[in-house]
Each structure stands twice: as C-alpha cells, then as structure tokens.
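Chemist: Give me the fold of what follows.
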Amino acid sequence: MSGARRTNPLLNESAGCDPGASLQSSALSTARQLYCAEPQCNITGGECGGEGFEDLMEELSVADHEEDVEEKEAEEKEEEESVENLLFHGHRSDLKWCMKDYRPPKYTYVRYRIPCAIREEVLQSNRVRRVISMLCKQTGRSQEQLDTEASAILEEMGHEFSMTILRCIGGLIRKIFKQIITEVTVHKEGIKELRRLSSQKPLLLIPTHRSYLDFILVTWLLYSYDIKTPVIAAGQDFMFMKGVGALLRRCGAYFIRRSFGKDKLYWALFTEYTQTHIINGDAPVEFFIEGTRSRTGKSLQPKFGMLTIALEPFFDARVSDVAICPITLSYEKTVEENLHVRELMGIPKPKESTTGLIKARAILDNNYGRIHVKAGKILSVYDMAVGKVDRKVRALVPRAVIPSVHPHERSFVNELAYKVLIEQQANAVVFPCSALAAVLLAHIKNKCWSVDICKAESELMWVCDLLIKLGCNLIWDKKQHSQIDHVVHMLAPVVSSDGGRVYVHKSPPTTDHLSSSVFRQCNSLISLGRRRNEFMHIVIHIAIIAKILFHPKSRDRTLNQYSRLRDILQYEFIFMPDSFQSDFDRNVQKLIELKLVSFSNNVYKFIDMKVKDFLVSLIDPFLVTYMDSWQFCISYMPRTLQHSQSLKSLCTRIQTYVSVLYCEPYLYGESINLNVIENSILVLAKLSLVSIDKGKSQVYCIDPFNFSNMIREFALTIRPITAKL
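Modeler: Residues are numbered from 1 along each chain as shown. Okay, the predicted model is just below:
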C-alpha cells in the first residue's frame, strides 16, 4: 500500500535479522537428517547419490521460498490493515460522508451546555469575579464597566460550535484534499485507543504544527472516526478574516491574543474558558505546544503557558486525571513551503486575509504528495505525576486566594512538555525527498548544482539505508519502480530533472538588504535545508558525536564535549533536560552495534569515514553560522543598555554581514536563516554572556571577556567537513 511504512528493498541486507536466513538453515538441517537416515545411499553416485541430494535440496529450497513469500505477504497484509487512507474512510461519496450518522462516545461526567451558557458560567466563575473585584479597587472602575468589558472579551474569544457547519465544511475540505493530496495515511491503533479514552478522561490533543492544515486535519480525523471534535485554541489573526473567521468559530475554534501582557482580566477569562471545557468535558481541547508553525522543518522549543493552564484543574483536584495525546502530522510537502522560506530570509509574512486565501487558489493545481498521521502513546497525567506533584499543597490554599503555580508543578509541566515533543518526534515519518535534499546539499557544497540522475538515485538509496539503520521511520514505496522521479517532483520548483540530470535552481532576487547572488542561491539552500531538517531529530545526537570524534578521544573528553555542543544547540533541536548522560550512552552504543565506532582502552574512534563525513556535514551549517554570528557580536554588539538594540535588528545586521563575508560557493543556507541566527543569540543569553529583555527589544553584551574565550574554545571544535557520498 502506498504510504505505508517501508524499508528499502534494495538496501535491506544489513537491516537486522533476515527471517529467510533461519528458514534456509532449517532446510539444510532437515536435508542432512533425511540424507543420514538412508545408510544405503552412496554419496559418490548411484541411485541415491549426489543427484538425489541435489534434487531434494532444490525441492526444499522451493518450499522455503514459498514459505518466505507467504510470510512477507502476511506481514505486508497486517501492516496494511493497521493503516488506512483517510481520504476514502467510510463513504466514498463526500455528500454521504458529511451526512453520516455521527455518534461519538460521551465523556462520563459531561453536562451539556450551549456556547452562550459556557460564556455565562465563565463570567460568573470565582476566578473572574475575584479578578473583577480586585480591579475595581485598583483602577477605580465600576463593576458594571468591567462586566461589560469581560462580556465583550468572551464574545470575541468564544466559539460558536455548529455541527451543521462542521459537516458542510468537512465535505468541502475532503473534496479539496482529494484533489491536492495523494493520500492521508492514519494509524488505526492509536485512534482506537483515543476513542476508548474519550469517554473516561478529559482529553488534551497536542499535534505538531507545520502547516495551516494541521487543525483541519485533526478535526477531520476525529469526525471520521466518531470521536468528539475538539475546541481549538487559535491565534486571533484568523478571527479578522472575513467569513473564514466566522466559519472557524463555528467549527470549534476559540480565538486568543498572541500576547496578554499584564492584562489580568484577559488572563482570568482565557484561563477559565479553557479550563471549563476540561473540567466539564464538553470537548477535547486542542492546542499547539510549539505555539506557532515551525518554518524550519524541525520542532520548536515548547511553550509552557497553555499546558500549565490546562493542567491546573488536575493540580487543584477538580479532575482526577487528564489524558494527553501527542499527534504527529508528517507532510511530504507543505502548502506554505515557499512562504516559510521567504520568512526565514527576512521577507515579512503576508497578513492572513480572505483576499489572500482566494488569491492562493493556485495551490489547487498542485499535488502535495502524502500526509502521515499518527496518534502517539496517550500520556496519563496522574501516572506521570506520582512522586513529582503533591496536590495536597493546593488544598491548604484558601478559596479566596487565586492559587499560583508551585515550583514543583512548573518543573513537572516543563518535563511533560518535552516528553510530548519527544513522543511527537518518535512517531514522525520521513519521506525520501528529505534524504535527496541532504544529497543535493552535499553536492552544492562541492560546487555542483546538478547531479547525474543515476548517481543521485544511488546516493539517495545509500542515505535512506543509513537513516533506516539509525532508526528513522522512512516511507519507501516498493511499488514504485523509480523513486527518483517522484522525489524530484516533491522538491519542485527548487529541483527538477532533465536530460538525465537533477538540477537545483537559483531563484530571482526579491529582497533589498541581500545581494542578488546571495539571495538567488540561498533561497534554494534554505528550501533544501528545511527538507533535510525533517530527519535531523533522528541523527542529531549521532552527528554531534561524529563531529567530536574527528580524531580518537577518551570517553570523559568525548562526553564533556558532547554535553557542551548539546548545550550550544539547545534552541536548535529538542533535547530532554538533564538526560545528556543517558542520551550519550544510548547513541554511542548504537554506533558501536552498527560498527561505525570502536571503543577500546577507554578511547572512542569513528571507523566509517564516509558515514562520519556525511553526519558532520548535517551539523556543520548550524555550527558555522553560530561561529559567524558570535564573531559579529563580539565586535559590533553594544556593551551598554543605553546603546542596546532589538534582537530583530541585530539578527538582520548579522545576516547582512555574513552575506558579504562569504563568496557564493561557500555560503550555507543557514548562514542567512534568521531563525538560526536568532537561536545563536538566545544561547548567549542562556550562558549569561548577553542580556535580552523579555520583549526582545534590548540586547547588549554583558561579559565580553568570557565571550571571547568561549569563541576561541568553540573554534577548536568546529572544523567544517565536505561530505563526499
């Protein structure tokens, strides 16, 4: 089945144990027993001689082959039965699908409320009344004025869910998806567990966030499998889209401001509105723990505010447990890919508007490949909180006092947020186009913007084989005779094939603060880098180790440098806090088992230089960009608060500096990627070398001496290596 998880059939010799090998061994053993049981046979010839033995072996070989084929067919059938194409789930007719008998399980303790009743209960809740009373005393405003303001906020924020509207929009979305998407693969096991628990516990749905399509897909998925559709915490940007905002509101979206600041009334209303859905079980609550869409293809650092608010009813013992379901949405190609690349280069994001949506109808003429959806292991907050959260502490707080988040609760929320992201990454699948992007970037580093198509396909298979060995969930469709044509199509328009070669195209310049030659190549490099980043969570630990082992090193020194590089890249990739020792041991052991690294006399040595150079080429663009950014900062960053500048303007200056610093063939796409540049500055703040205020409006250097020392130490570690596949 297209889209089901497959390993490369041409590269599967070393991918674990071969079931055919045990069958062949069994066949040889049986043949020997049969042969030895006939003492009259003459092995030198005659009636029961060597020819008889060969005939017997041939018959056994045929039988074993048939058994092997049957086993593989049974495995494929079982795997195909565990997944389903959401495009054709249920009725094939879109009209019948949207009019189907929809009967989701009801939460055991639910109390049916219409949207206006929910808003009224929030307005009369203890938290909101206490805040309004407090603001009356602090500001001198009357209670009636504050009640009016609170009602207006709730009207602006709240959803107006309508099942009729949801059915109509769902049918239209399904029809559009059939036109632009090849298939939407869903793992049924996780969905079944989600449906079972939806009647027992309040649900938090936390999907990955790569596209505007994410919340549409989750609602579509739950409706298709008869699970209560969620209420969705959405940014207020969508609310101002004429017509679209109203439709989203009627499909379950409630709109929140991007920042609340110190608006205590808004905080109280938003908190109470979110929590009342969890306590009463009206519907699952969906939000994105990354806060915003990832433009880079990697997971963003978690935002803890929404998760803290959602878990507060558990801390207060108003609910006995909360079930958290991480959902991973893997796209072969996102519809906003070109916009994401432009944003990373500093071109402002177009404002969300209905006019812009209509102008974007050209996407209906394109095909965006496959989407893979998997509901991960459902996390029980009660089980995870044992020994970490003491709920009795809150029982001692008087009801008249608004409880604050205790340090042990905050620590638990932070740990849980990272576990959700790690679970999302573990369930992500990688498409071959990500591997081809890495292949092409390696050739571009060698000044080759075109590659022979046979060579590209061979190297693609090598990279895919390596990723599979390293534990990557790679989708490989064995039914396609040639992967390269489809993969190149998924990288268009940046990549194309013609005349037996694969070409990477340079784009026309469309920005003022970068030179035309830099923009032309970096637009393509950033686009390919985004696609390569989709598998970086699999290889990042191993790539760091490969970078450190440019020559043999002792265990202690390797571990120390691993910890240091991991700290430096903490904003770039997701690392579980306080787990560097276990992560190091697990990944080093994997390298040793794959015979890529040797360990003797307490010294690690990387054996396979081809693999090492490839892994290092994946991490070098980030490290070199950090180095260039820091060198600019040590020379030009303000040293006092009076001369401070905003983080955004500093990043733009660094981007311009780096674009002038390098000649065209040697520039990495990450070098002018504003997201990577910003992360390099945030690390300096984490290391107490730079001061950044909460609004990111004031940035200046506070420890130039230690900053210079760190740069010198870091320069000894990063040595760019050109990968040769």
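Chemist: CA only for contacts and neighbour counts going forward, please
Modeler: Noted.
Chemist: does the residue nearest the centre of the chain belong to a helix or a strand, and which?
Modeler: The residue lying closest to the centre of the chain (Cα atoms, centre = their mean) is residue 299, at 4.4 Å. Using DSSP states H and E, residue 299 falls within no helix or strand.
Chemist: can you check residue 373 too?
Modeler: Applying DSSP H and E, one finds residue 373 within strand 370-375.
Chemist: before we move on, the earlier item: surely the residue nearest to the centre of the chain and residue 570 touch.
Modeler: No. Counting by Cα atoms under 8 Å, residue 299 does not reach residue 570; the two are 11.8 Å apart.
Chemist: Ignoring the adjacent residues along the chain, who's closest to residue 380?
Modeler: Counting by Cα to Cα, 6 or more residues apart in numbering, the nearest residue to residue 380 once its immediate chain neighbours are dropped is residue 323, at 4.9 Å.
Chemist: Okay, and the beta partners of the one you found?
Modeler: For residue 323, the beta-bridge partners under DSSP bridges are residue 203, residue 380.
Chemist: residue contacts, it?
Modeler: 197, 201, 202, 203, 204, 378, 379, 380, 381 (Cα atoms under 8 Å, 6 or more residues apart in numbering).
Chemist: Report the separation between it and residue 187.
Modeler: Distance, residue 323 to residue 187, by Cα to Cα, to the nearest Å: 19 Å.
Chemist: now the stretch 601-725 of the chain, which segments are flagged as low pLDDT?
Modeler: Residue ranges of the stretch 601-725 of the chain with pLDDT under 70: 663-666, 716-725.
Chemist: What segments of it are strands?
Modeler: Using DSSP state E, counting those that start in this stretch, the strands of the stretch 601-725 of the chain run over 603-606, 690-692, 699-701.
Chemist: now the stretch 251-400 of the chain
Modeler: 253-256, 285-286, 323-331, 370-375, 379-380.
Chemist: Can you say which of the contacts of residue 323 are buried?
Modeler: 197, 201, 202, 203, 204, 378, 379, 381 (16 or more other Cα atoms under 10 Å).
Chemist: Can I get those in JSON lines including pLDDT?
Modeler: Converted to JSON lines, these look like this (pLDDT from 0 to 100):
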{"residue": "197", "pLDDT": "93"}
{"residue": "201", "pLDDT": "94"}
{"residue": "202", "pLDDT": "95"}
{"residue": "203", "pLDDT": "96"}
{"residue": "204", "pLDDT": "97"}
{"residue": "378", "pLDDT": "95"}
{"residue": "379", "pLDDT": "96"}
{"residue": "381", "pLDDT": "96"}
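Chemist: Same list (the residues you listed) but as TSV, adding distance to residue 610.
Modeler: As requested, these are exported to TSV (distance: Cα to Cα, whole Å):
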residue	distance to residue 610
197	48
201	50
202	50
203	47
204	44
378	39
379	40
381	44
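Chemist: Closest to residue 471 out of those residues?
Modeler: residue 378 (21.7 Å; Cα to Cα).
Chemist: what's near enough to touch the residue lying closest to the closest one once chain neighbours are set aside?
Modeler: Nearest non-adjacent residue to residue 378, counting by Cα to Cα, 6+ apart: residue 325, 4.7 Å away. Each residue near residue 325 by Cα under 8 Å, 6+ apart is listed here: 194, 203, 204, 205, 206, 375, 376, 377, 378, 379.
Chemist: Roughly how far does residue 325 sit from residue 277?
Modeler: 16 Å.
Chemist: same thing with residue 406?
Modeler: Using Cα to Cα, residue 406 is found at 23 Å from residue 277.
Chemist: for residue 132, same thing?
Modeler: 22 Å.
Chemist: what about the two, which has more around it?
Modeler: residue 132 (24 against 20; other Cα atoms under 10 Å).
Chemist: low-confidence ranges in the stretch 1-150 of the chain?
Modeler: Ranges of the stretch 1-150 of the chain meeting pLDDT under 70: 1-81.
Chemist: Pull out the buried residues from stretch 565-582.
Modeler: Residues 565, 566, 567, 568, 569, 570, 571, 572, 573, 574, 575, 580 are the ones in stretch 565-582 that count as buried (16+ other Cα under 10 Å).
Chemist: what sits up against that stretch?
Modeler: 298-301, 415, 418-419, 421-422, 537, 540, 544, 559, 563, 676, 679, 682-683.
Chemist: And those, which of them are buried?
Modeler: 298-301, 418-419, 421-422, 537, 540, 544, 559, 563, 676, 679, 682-683.
Chemist: Work out the sheet partners of the strand holding residue 373 and label each with its direction, please.
Modeler: By DSSP bridges, strand 370-375 pairs with strand 183-187 (parallel), strand 323-331 (antiparallel).
Chemist: quick one on the thing from earlier: a markdown table for the strands of the stretch 251-400 of the chain, including distance to residue 292?
Modeler: Converted to a markdown table, the strands of the stretch 251-400 of the chain look like this (distance: least, Cα to Cα, whole Å):
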| stretch | distance to residue 292 |
| --- | --- |
| strand 253-256 | 13 |
| strand 285-286 | 13 |
| strand 323-331 | 15 |
| strand 370-375 | 19 |
| strand 379-380 | 23 |
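Chemist: Tell me which of these lies nearest to residue 457.
Modeler: strand 370-375 (20.4 Å).
Chemist: Can you dump the C-alpha atoms of that closest one in PDB for me?
Modeler: C-alpha atoms of strand 370-375 as PDB (Å, rounded to 0.1, in the frame of the first residue of the first chain):
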ATOM      1  CA  ARG A 370       1.300  12.200   1.100                       C
ATOM      2  CA  ILE A 371       0.400  13.000   4.700                       C
ATOM      3  CA  HIS A 372       1.100  10.600   7.500                       C
ATOM      4  CA  VAL A 373      -1.000  10.900  10.800                       C
ATOM      5  CA  LYS A 374      -0.200   9.000  13.900                       C
ATOM      6  CA  ALA A 375      -1.800   9.400  17.400                       C
END
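Chemist: okay, how far is it across stretch 471-491, tip to tip?
Modeler: Terminal-residue distance, stretch 471-491 (Cα to Cα): 24 Å.
Chemist: Also stretch 99-115?
Modeler: 23 Å.
Chemist: who touches that stretch?
Modeler: Contacts of stretch 99-115 (Cα under 8 Å, 6+ apart): 158-161, 167, 195-196, 198-202, 223, 226-228, 280-282.
Chemist: Among the residues you listed, name the ones in helices.
Modeler: Members of the contacts of stretch 99-115 lying in helices (criterion: DSSP state H): 167, 195, 196, 223, 280.
Chemist: Of those residues - the most surrounded one?
Modeler: residue 223 (22 neighbours).
Chemist: so that one sits right up against residue 216, yeah?
Modeler: No. Assessed by Cα under 8 Å, residue 223 is found out of contact with residue 216, at 10.7 Å.
Chemist: how close does the residue nearest to the centre of the chain get to residue 596?
Modeler: When residue 299 is compared with residue 596 (using Cα to Cα), they lie 28 Å apart.
Chemist: try residue 530
Modeler: Residue 530 is 27 Å from residue 596, where distance means Cα to Cα.
Chemist: Name the residue in these two with the higher neighbour count.
Modeler: Neighbours were tallied for residue 530 and for residue 596 using other Cα under 10 Å; the higher tally belongs to residue 530 (24 against 18).
Chemist: so what's that one up against?
Modeler: Counted by Cα under 8 Å, 6+ apart, residue 530 has contacts 295, 296, 297, 298.
Chemist: for these, which one is nearest residue 631?
Modeler: Distance to residue 631 across the contacts of residue 530 (Cα to Cα) is lowest for residue 296, with 23.9 Å.
Chemist: And what about the residue nearest to the closest one when sequence neighbours are not counted, helix, strand or coil?
Modeler: Using Cα to Cα, 6+ apart and skipping the chain neighbours, the partner closest in space to residue 296 is residue 530 (5.1 Å). Secondary structure for residue 530, judged by DSSP: H, G, I helix; E, B strand; the rest coil, is helix.
Chemist: With distance to residue 465 and mean pLDDT as extra columns, can I get the strands paired with strand 370-375 in CSV?
Modeler: Listed next are these as CSV, based on distance: least, Cα to Cα, whole Å; pLDDT from 0 to 100:
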stretch, distance to residue 465, mean pLDDT
strand 183-187, 23, 93
strand 323-331, 20, 97
